[in-house]
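Trainee: Prediction below, plus the sequence it came from.
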Amino acid sequence: MLGIIIGVGAVIAMVGVGNGARAQVEAQVATLGENMILIFAGSMNNSGVRAGTGNAGTLKIEDALAIMREIPGVEAVSPETRSGVQVMVSNQNWYTTLLGESPEYFDMREWPFISGAPFSEQDVRSAAKIAVLGQTVATQLFGDDDPVGHIIRVKHVPFLVVGLLKPKGLTLGGSDQDDVVVVPYTTAMKRLTGATILRSINVQAESPDKMALAQQQLSELLRQRHRILGTRDDDFMVRNQQDIAEMATAQSKTMFYLLVAIAVVSLCVGGIGIMNIMLVSVTERTREIGIRIAIGAHGRDILLQFLIEAVTLSSIGGIIGIAIGFGTAETISHIAQWPTTIPLIYVALAFLSSAAVGIVSGFYPAYKAAALDPIDALRYE
Amino acid sequence: MQPVILLESVSKTYHSGEVDVHAVRQVSFTVQPGEFIAIMGASGSGKSTMMNMLGCLDRPTSGRYLLDGVDVSGLGRDELADIRNQKIGFVFQGFNLLSRTTALENVELPMMYGKRRNSAKDLRERAMRSLELVGLAKRFDHKPNQLSGGQQQRVAIARALVNDPALLLADEPTGNLDSRTSIEIMDAFQALNEKGITIAMVTHEPDIARYTKRNVVMRDGVIVSDIQVQDRSNAKEEMRRLDEEHQAAKLVK
């Protein structure tokens, strides 16, 4: 019966956790912004969301502008650079991520401001030394005070803070989205990093149904511009929100299949256990079965009697398993800080499968009992 | 009046490996309603096989067996089960009660398998009446381990009677009992037979056989003797005599 308890418990817990994980992923994917396509410099590698060979590859500012110009269905484009920098104010310092973006970035990512405003096209053109802070950086450097209007030093270069962003939380990969300083990409490239190529380009499509076509077209455009012919690999990666979500859930899918395997194996083990118990029970009660048959029991009566016993045994195991599964899911939900929901249908399914195991594994012993010859059975010691 | 048991040239042969065992050879034999017979014989005489066939637990290899007018020799497993349920009451040497259930529930058992399903109240009443017949109504809620050997056997008899069978079949009913209790059981049988119940009993003890009305002896698969009992023992008298001897023995000490 232990096998059944484990199998059923595992199924229930996994369903709950899986559902919670999926909900979590969806929520976080939504924070990326609407209809986003992300183009990364560099070719394929294996890691999931944080893919970024970063600065290998050849994405240029001109590519971003070309995409904006030539691809219909594109709402906005924001070229992006990213690096780690030290920022300081008087006696506080903090190592954080520097993002170089265009002004459209904040709208694309649906990232509102608590105070201040984003920088402008003019600031991009002039590579102005102005910055927008994420909440984490602001808190580290300024505590509860409003940072807008103050000066911070980024890599020892003084920048004016013009905006403070609303907190967004963690990315799917677990990093803090609010631990950023956003400056015009031109400023980042010219004055801070000296880079000439972009790390990535954020592209926003006009609407969800325009995404697929836009993605295809901009891929072709880039291949043209980078003179990639025929079947040679791209030197860039194009990902949309869908892909990112899928990569994240791919992991939980693997977990899912693993737990299903565990559950199935446990249920089989449980079934074998039940079959054993029933076989022993039948042997112990041979005399009793003989009496019942002598007194007038049909084969079917005996079969039913023992089958019911087996199903009762397995169903009790199932109920205990469901209870344990709920408990486990609750515990995990507590630890991982994400909600677990267990749809009723899975509970019903788990219960039915434990009952089914009882029927299947109890059948052979019950059949043996029903087929006993009463004369021999009555003689049994 | 049709006979309760009518055997016409009944044989039973077991095929074990190369040798055929002729347990019962072409036996013909009749038992009228109200009779009280003892079937006797040594081991291997065929009396157990005969008993199994009379009880419809086994089928004859050839010949016909009419039980209360019904030809049971060709019936299937489930049909035989119904016949056993309705027409035959079994009493075994080892009592064969269900150990975890009360006397009342044990007596109710044959009614659980019957075709007619009456209400639980009905079943209880019938079972109680059966227990009264054997004088154990007061112990209806006792489990077998709370009853003496003689009492357990009487519960078994009550169970055998609960469906009003045409025939009571007892296989060495006194085999596991001491002499005093054996006589008590024979007293119960005699009382039931007085009421008109047909009883067929297998035994190897001549003393016990003397309580019945007709003794049938088997040897090597055939009936070698079938006589009415002369000088039949009366269980009540025997019990009284035993008690007096017992008292006497006490006084001597």
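Mentor: Received, thanks. Numbers count the residues shown, from 1 in each chain, chains lettered A, B, ... in the order given.

Trainee: Sticking with the residue of the stretch 1-150 of chain B found nearest chain A, tell me its helix or strand.
Mentor: Here the stretch 1-150 of chain B gets closest to chain A at one residue, residue B:85, 2.5 Å apart by Cβ to the nearest Cβ. Every C-beta, even on glycine, is put in place using the N, C-alpha and C of the backbone. According to DSSP states H and E, residue B:85 maps onto helix B:77-87.

Trainee: Strands along the chain, start to end?
Mentor: No chain was given, so I picked chain A. Taking DSSP state E, the strands of chain A run over residues A:36-41, A:74-89, A:92-101, A:113-116, A:130-133, A:151-154, A:157-165, A:180-184, A:200-205, A:236-240.

Trainee: The intended chain is chain B.
Mentor: Taking DSSP E as the criterion, chain B carries its strands at B:5-16, B:19-31, B:36-40, B:62-67, B:70-71, B:88-91, B:167-171, B:198-202, B:214-219, B:222-228.

Trainee: can you count the residues close to residue 103?
Mentor: Looking at chain A here, since you left the chain open. 19 (other Cβ atoms under 10 Å in any protein chain shown).

Trainee: oops, I was thinking of chain B
Mentor: 27.

Trainee: Residue A:62 versus the closest residue to it other than its chain neighbours, what's the distance?
Mentor: Setting aside the residues directly before and after it, residue B:103 is nearest to residue B:155 in space (Cβ to Cβ, 6 or more residues apart in numbering or on different chains), at 4.8 Å. Distance from residue B:155 to residue A:62, counting by Cβ to Cβ, to the nearest Å: 103 Å.

Trainee: Of these two, give the one with the bigger neighbour count.
Mentor: residue B:155 (26 against 11).

Trainee: looking at it, the more buried one is touching residue B:106, isn't it?
Mentor: Yes: judged on Cβ atoms under 8 Å, residue B:155 makes contact with residue B:106 at a distance of 5.8 Å.

Trainee: hang on, the earlier thing: any chance of the strands of chain B in CSV with mean neighbour count and mean pLDDT as columns?
Mentor: Shown next, in CSV, are those (neighbours: other Cβ atoms under 10 Å in any protein chain shown; pLDDT from 0 to 100):
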stretch, mean neighbour count, mean pLDDT
strand B:5-16, 16, 89
strand B:19-31, 16, 89
strand B:36-40, 24, 93
strand B:62-67, 18, 91
strand B:70-71, 14, 88
strand B:88-91, 26, 92
strand B:167-171, 24, 92
strand B:198-202, 24, 93
strand B:214-219, 20, 92
strand B:222-228, 13, 90
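
Trainee: and those as a markdown table, adding distance to residue A:155?
Mentor: As requested, these are exported to a markdown table (distance: least, Cβ to Cβ, whole Å):
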| stretch | distance to residue A:155 |
| --- | --- |
| strand B:5-16 | 101 |
| strand B:19-31 | 106 |
| strand B:36-40 | 114 |
| strand B:62-67 | 109 |
| strand B:70-71 | 108 |
| strand B:88-91 | 102 |
| strand B:167-171 | 105 |
| strand B:198-202 | 110 |
| strand B:214-219 | 116 |
| strand B:222-228 | 119 |
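
Trainee: Turn those strands into TSV, including distance to chain A.
Mentor: Shown next, in TSV, are the strands of chain B (distance: least, Cβ to the nearest Cβ, whole Å):
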stretch	distance to chain A
strand B:5-16	12
strand B:19-31	12
strand B:36-40	17
strand B:62-67	14
strand B:70-71	15
strand B:88-91	6
strand B:167-171	9
strand B:198-202	14
strand B:214-219	18
strand B:222-228	21
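
Trainee: which residues does the closest residue to chain B within chain A contact?
Mentor: Closest approach between chain A and chain B, counting by Cβ to the nearest Cβ: residue A:296, at 2.5 Å. Residues near residue A:296 by Cβ atoms under 8 Å, 6 or more residues apart in numbering or on different chains: B:81-82, B:84-86, B:110, B:113-114.

Trainee: make it 6 Å
Mentor: B:81, B:84-85, B:110, B:113 (Cβ atoms under 6 Å, 6 or more residues apart in numbering or on different chains).

Trainee: Likewise for residue A:93?
Mentor: residue A:86.

Trainee: Dig out what it forms beta bridges with.
Mentor: Applying DSSP bridges to residue A:93 yields these beta-bridge partners: residue A:88.

Trainee: Check residue A:84 too.
Mentor: residue A:97.

Trainee: number of nearby residues for it?
Mentor: So residue A:84, with other Cβ under 10 Å, has 8 neighbours.

Trainee: Quickly list what the residue positioned nearest the centre of chain B is bridged to.
Mentor: Centroid-nearest residue in chain B, with Cα atoms, centre = their mean: residue B:170, separated by 1.9 Å. With DSSP bridges applied, residue B:170 shows beta-bridge pairing to residue B:91, residue B:201.

Trainee: Can you name the residues that contact residue B:160?
Mentor: Counting by Cβ under 6 Å, 6+ apart, residue B:160 has contacts B:89-91, B:168.

Trainee: Leaving out the residues flanking it, which one is nearest to residue A:291?
Mentor: residue B:96 (4.8 Å).

Trainee: What of residue A:282?
Mentor: In space, residue A:282 is closest to residue A:369, 4.6 Å off (Cβ to Cβ, 6+ apart).
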